[in-house]
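[1] Quick one, what's the 3D model for this:
(chains A, B, C and D)
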Amino acid sequence: MPAFLPLRDAVAAHVRDGDVVALEGFTHLIPHAAGHEIARQGRRDLTLVRMTPDLVYDQLIGAGCARRLVFSWGGNPGVGSLHRLRDAVEHGWPRPLELEEHSHAAMAAAWAAGASGLPFAVLRGYAGTDLPTHNPTVRRVTCPFTGESLAAVPALRPDVTVIHAQQADRAGNVRLWGIVGVQKEAVLAARRAALVTVEEVVDDFDAPGVRGPGARDAVAILPSFVVHAISEVPGGAHPSYAAGYTTRDNAFYAAWDAIARDRERFRTWMDAHVLRPEAAGV
Amino acid sequence: MPAFLPLRDAVAAHVRDGDVVALEGFTHLIPHAAGHEIARQGRRDLTLVRMTPDLVYDQLIGAGCARRLVFSWGGNPGVGSLHRLRDAVEHGWPRPLELEEHSHAAMAAAWAAGASGLPFAVLRGYAGTDLPTHNPTVRRVTCPFTGESLAAVPALRPDVTVIHAQQADRAGNVRLWGIVGVQKEAVLAARRAALVTVEEVVDDFDAPGVRGPGARDAVAILPSFVVHAISEVPGGAHPSYAAGYTTRDNAFYAAWDAIARDRERFRTWMDAHVLRPEAAGV
Amino acid sequence: MSEFSHPTPTEVLTVAAARAIRDGAVCFVGIGLPSATANLARRTHAPGAVLVYESGVIGARPDVLPLSIGDGELAERATAVVGVPEMFAYWLQGGRIDVGFLGAAQVDRFANLNSTVIGDYDRPTTRLPGAGGAPEIAAAARETIVVVRHSPRVLVERLDFVTTVGHGDGPGARARLGLTGRGPSAVITDLGVLRPDPATCELTLTGVHDGVDPDAVVRATGWPLRVATDLAFLPPPTAHELAVLRDLHARTAAAHGVAAMGA
Amino acid sequence: MSEFSHPTPTEVLTVAAARAIRDGAVCFVGIGLPSATANLARRTHAPGAVLVYESGVIGARPDVLPLSIGDGELAERATAVVGVPEMFAYWLQGGRIDVGFLGAAQVDRFANLNSTVIGDYDRPTTRLPGAGGAPEIAAAARETIVVVRHSPRVLVERLDFVTTVGHGDGPGARARLGLTGRGPSAVITDLGVLRPDPATCELTLTGVHDGVDPDAVVRATGWPLRVATDLAFLPPPTAHELAVLRDLHARTAAAHGVAAMGA
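    All right, here's what the predicted structure looks like:
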């Protein structure tokens, strides 16, 4: 049974300096509010894991929280670069950032392996590319039946996983729907804790009047016994979104390009919108 | 886009003597009517693949259709033995049956590998058991990161997969819900064809008045481009069931024990209920 | 409990096994005795027990006992239903099961199990259903509880086939085999409870049910069974436990038209 | 088409790429040009095209172009939505994709792609977004279509980084690497279409867009580009294609408050 906690307390209880932390959510349901809380608490030396770093890691990297990034596509979707990520990689500002760089297929398989309690994932991938040259965690295995050589990557097992979901019920079960990404896998792969921010805590997912998925949506239910802390944070995915509750703030994604392009403007924005204690009211 | 065909034509078009055939469905949605049609058409030398052979394979084995069985649990659930399966293994009647015997975990992983286009599946399984001694398809792989030795099994890739589902829409998409088992994997793993019998063909899954899953059900949607033939066969899972349409005929499962225990009684039952051409009206 | 008939051996076994379930425990249960056991626990002292069935059902709350592992009854009002590959990969192998319940046709002194064949594998006297989920349940669950009826044909000196590893050949075997769970913590029978000796892993009689003679248990065991010096005399089913169990079976029989039998 | 302004180079490129989509084809599409391309095809000659997005959406039918690969617009009215591990394992690696659309920062003469870095990997001049789905899309889709704007900085003699293998170092390379799909069938640019020579796999100019001088294409290419002897002069966008494409962009801009830009 997870604890229902204010976000500040949930992050303080579970996220430590030096942790391997995954904030997952594939475009949809990105846990921005939790990312801001991690920045506000000044966590340092984090290894950040995420298929698509998106704005949430651009902010954490720019705020100096990260030492290392494990990822597979680091852009501002539909807009262009993540300037804070680029500045860290290209100029070491505010501090150098080590990269462990994968393809989507490999990271998705590595999440599934992590959830499955396996030490590695197998995929038909990476063949002929330069990625394994720069990433020693890409190796090969041989099929014991066909002799075929395939790629292997280590399972992802972060210390802490943080996700945003539409709902929790009072028993501590969590439900998300729409584009569900790798969040179930990331929660199950966490070694120490899984934190969930939700749009809403409801009595029961099945009760009349409670919002729910459409007929074609994917649905993921995380039973209470795999979740450690739940924080009710309406709008906690903004500028990402929560299907059924909010819509993606595409204008903010576009506006971020100019904010993040300039170090001073970025700092001013972070101070005003994230780091000042008043911002914690979100 | 799949063909909408009478069951007789679908089986005649796709199931051949000597094929590796999988009729999947985990207790729920077992494609009994399709199994009966295969027996009626007198297919021979089949390799039958299924985690839980259930009554449907007891019947096909007793009818002499099978040369080999790939399985992980061969009983009459909640009742006892599958007497036709036992008779074939213990006494070679009506013909000997080769066994390729797995655990559930391995077969489930092998189905997922088959769906994934991988040659093999990895699991932490079989360690210390006698199963690998009698099954040369259980081998070992070494994790290239930790050095740990794990079990490997070949991917399941039947020639033809047959499943029963609640619904198809007119565009040829298939929907099943409730306990969805390994059916999506079995359909995607088929080398040559996937046949689906359905309770009902509907205009659109989302249309008002169309039956659908409950809030906690698993749902699997198979897009039209992975299905080759669809046959509308209401009650086609009997004595298994289709959630939302029929209920499990537990009394028949119990009654099967006495029918199958005796060779003559079994033959009489098969003649009357399956093999006579009139039975094809089902 | 004057209005109740004397408990049957199976009822005694079911109640004893149910008592081994802690409230809140995540239990992987098969059909038959394990299912009756877990559902009895959920309706008595362990309302927060989470019942997981290999058909993909997590947090089942059946009103009647399922006849099969995939009855519709199980999916209704469950916390979630997932596909079977996910069940075995993410939920069992992923290490999320506290207690796995297993039956078997044969059990040896290290709580290894046979559910495959009696006799030679290629020319069996009796072909049994086979492994099902057992090998990996016993490998990955934090602990395993084995539930069988006590007889020298069941508790045997030597298995005809090792379907499922309990404590292998003794201390250290599980670690050498890479089995992640702690293995069988108890073999519960209709005569008593056997637990692995902490030093040797050998199953030792640690408790007998009400009215059972420890010597009779030794005679009903196919190897020279050790008896704990502090042997416990286990309390009989309470009137409440029996009433709940019998009500469950009565409603099951009414719902199915047949009794839910042991696996 | 008097009421329409002259098509822009990007419009010419988008229409040419859309025409490469057969009706009924299962297309794996990324954001930006590939998405505009596939949606244009679906609204013109290929209403049965199945649009698959790596976010897990199968059979998307968006009314407006998504800005991101995971816009809510994509999941609504889709045939199905699946998790991302399933998308890459069962649907891409499983061999169910007919056509994969890819962009890139650099393309070489064998249609290998770079979307990782310009300059040295450890001290890059420009850090690009990285691989995303590209390596395995190019490996597993039955064929790949590459869509880029034509310039000598894009079509280069030598990639700074091989993110994605097209035809490797030439004939036989894909088979040696175990890549299951046939690889890039075309590189479509705003100047024309390059296709791998059947014998050498080297990209060859096989068609130029309306009004484009083949010599200008050669000059805009970073290697000595071969020109097919039977060079085609590709028909310009029809009034209908342009109208549909512009309407799609106009509705997209109105819906998002911003224009859906190229990736």
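[2] all contacts plus neighbour counts: C-alpha atoms, from now on.
    Noted.
[3] which ones are touching residue C:225?
    By CA atoms under 8 Å, 6 or more residues apart in numbering or on different chains, residue C:225 lies in contact with C:203-205, C:218.
[4] let's see it at 10 Å
    C:109, C:155, C:194, C:202-205, C:215, C:217-219 (CA atoms under 10 Å, 6 or more residues apart in numbering or on different chains).
[5] Same question for residue A:225.
    Shown in contact with residue A:225 (CA under 10 Å, 6+ apart): A:1-2, A:171-173, C:24-26, C:50, C:96.
[6] can you check residue C:55 too?
    B:25-28, B:179-182, C:30, C:68-71, C:74-75, C:81-85, C:87-88.
[7] So which of the residues you listed are in helices?
    C:74-75, C:84-85 (DSSP state H).
[8] These also near chain B: which ones?
    Intersecting those with the contacts of chain B gives C:74-75, C:84-85 (criterion: CA under 10 Å from any CA of the partner chain).
[9] Any chance of those residues in JSON lines with neighbour count and pLDDT as columns?
    Formatted as JSON lines, these follow (neighbours: other CA atoms under 10 Å in any protein chain shown; pLDDT from 0 to 100):
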{"residue": "C:74", "neighbour count": "28", "pLDDT": "77"}
{"residue": "C:75", "neighbour count": "28", "pLDDT": "79"}
{"residue": "C:84", "neighbour count": "29", "pLDDT": "98"}
{"residue": "C:85", "neighbour count": "25", "pLDDT": "98"}
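[10] ok, those vs chain A, which is closest?
    Distances from chain A to those, taken as CA to the nearest CA, are shortest for residue C:85 (10.2 Å).
[11] List the contacts of that closest one.
    Applying CA under 10 Å, 6+ apart to residue C:85 gives the contacts B:104-113, B:181-182, B:185, C:54-56, C:91.
[12] ok, which stretches of chain C are helices?
    With DSSP H as the criterion, chain C has helices at C:9-19, C:33-43, C:72-75, C:84-86, C:134-140, C:173-177, C:214-219, C:239-256.
[13] Give me the neighbour count for the nearest residue to residue C:181 once chain neighbours are set aside.
    Once flanking residues are discounted, residue C:181 sits nearest to residue C:142: 4.4 Å by CA to CA, 6 or more residues apart in numbering or on different chains. Burial of residue C:142 is recorded as 22 neighbouring residues (other CA atoms under 10 Å in any protein chain shown).
[14] any idea where the strands of the stretch 101-250 of chain A begin and end?
    Under the criterion DSSP state E, counting those that start in this stretch, the stretch 101-250 of chain A contains strands at A:120-123, A:139-142, A:149-154, A:160-169, A:174-178, A:193-202, A:218-222, A:229-232.
[15] Run the chain-centre distance for the second one.
    Right, the one you point to is strand A:139-142. Distance of strand A:139-142 from its chain centroid, counting by CA atoms, centre = their mean, to the nearest Å, is 28 Å.
[16] Briefly note if it comes near chain D.
    No - using CA under 10 Å from any CA, strand A:139-142 never reaches chain D; the gap is at least 12.6 Å.
[17] How about residues contacting that strand?
    A:121-127, A:132, A:147-154, B:120, B:141-145.
[18] Thought residue A:121 was touching residue A:152, still the case?
    Yes - the criterion here is CA atoms under 10 Å, and residue A:152 meets it with residue A:121 at 5.5 Å.
[19] The closest residue in space to residue C:193 that isn't next to it in sequence: what's it in contact with?
    Computed as CA to CA, 6+ apart, the closest residue to residue C:193 that is not its neighbour in sequence is residue C:207, at 5.0 Å. Listed by CA under 10 Å, 6+ apart, the contact set of residue C:207 reads C:188, C:191-195, C:214, C:227-228, C:230-235.
[20] mind redoing it with 7 Å?
    Counting by CA atoms under 7 Å, 6 or more residues apart in numbering or on different chains, residue C:207 makes contact with C:192-193, C:231-234.
[21] Can you tell me which of the residues you listed is nearest residue D:116?
    residue C:193 (62.6 Å; CA to CA).
[22] For residue A:148, which non-adjacent residue is closest in space?
    Take residue A:148 and drop its neighbours on the chain: the residue closest to it by CA to CA, 6+ apart is residue A:142, 5.5 Å away.
[23] Just the pLDDT for that neighbour.
    At residue A:142, the model reports a pLDDT of 98.
[24] distance of it from residue B:132?
    19 Å (CA to CA, to the nearest Å).
[25] same thing with residue C:157?
    Distance of residue C:157 to residue B:132, given as CA to CA: 22 Å.
[26] Also residue A:138?
    For residue A:138, the distance to residue B:132 equals 30 Å [CA to CA].
[27] of those two, who's got more company?
    Neighbour count, other CA under 10 Å: between residue A:138 and residue B:132, residue A:138 has more, with 21 against 17.
[28] Would you confirm that the more buried one contacts residue A:150?
    No - contact between residue A:138 and residue A:150 fails when scored by CA atoms under 7 Å: they sit 10.4 Å apart.
[29] Can I have the buried ones of the contacts of residue C:55 as a ChimeraX selection?
    Burial among these is assessed by 16 or more other CA atoms under 10 Å in any protein chain shown; the matching ChimeraX selection reads:
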select /B:25,26,27,28,179,180,181,182 /C:30,68,69,70,71,74,75,81,82,83,84,85,87,88
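[30] Say whether chain B is contacted by stretch A:99-116.
    No - counting by CA under 7 Å from any CA of the partner chain, chain B has no neighbours in stretch A:99-116; the shortest distance is 8.9 Å.
[31] Which pLDDT value belongs to residue C:259?
    Predicted confidence (pLDDT) for residue C:259: 51.
[32] In chain C, which residue sits nearest chain D?
    Counting by CA to the nearest CA, chain C gets nearest chain D through residue C:86, at 11.0 Å.
[33] what's the domain layout of chain A?
    Using automatic domain parsing, the domain parsing of chain A gives A:3-102+A:157-279, A:105-154.
[34] and the shortest one, how far apart are its ends?
    Okay, so that is domain A:105-154. For domain A:105-154, the first-to-last residue distance is 13 Å (CA to CA).
[35] got any ranges where the chain has weak pLDDT?
    All of this refers to chain A. Applying pLDDT under 70 to chain A flags the ranges A:278-282.
[36] That was the other one, I meant chain C.
    Using pLDDT under 70, chain C drops low at C:1-4, C:69-70, C:257-263.
[37] Show me which residues of it sit near chain A.
    Residues of chain C lying near chain A by CA under 7 Å from any CA: C:79-80, C:89-90, C:93-95.
[38] Which of those residues sits closest to residue B:48?
    Once CA to CA is applied, the member of the residues of chain C next to chain A that ends up nearest residue B:48 is residue C:89, at 24.1 Å.
[39] measure the closest residue to the closest one other than its chain neighbours to residue C:92 for me?
    With CA to CA, 6+ apart as the criterion, residue C:89 has its nearest non-adjacent residue at 4.7 Å, and that residue is residue A:116. In this view, residue A:116 and residue C:92 are 8 Å apart by CA to CA.
[40] for residue A:5, same thing?
    In terms of CA to CA, residue A:5 sits 29 Å off from residue C:92.
[41] Looking at those two, which one has more neighbours?
    Ranked by neighbour count (other CA under 10 Å), residue A:5 and residue C:92 place residue C:92 first, with 27 against 16.
[42] Spit out the contact partners of that one.
    C:137, C:140-141.
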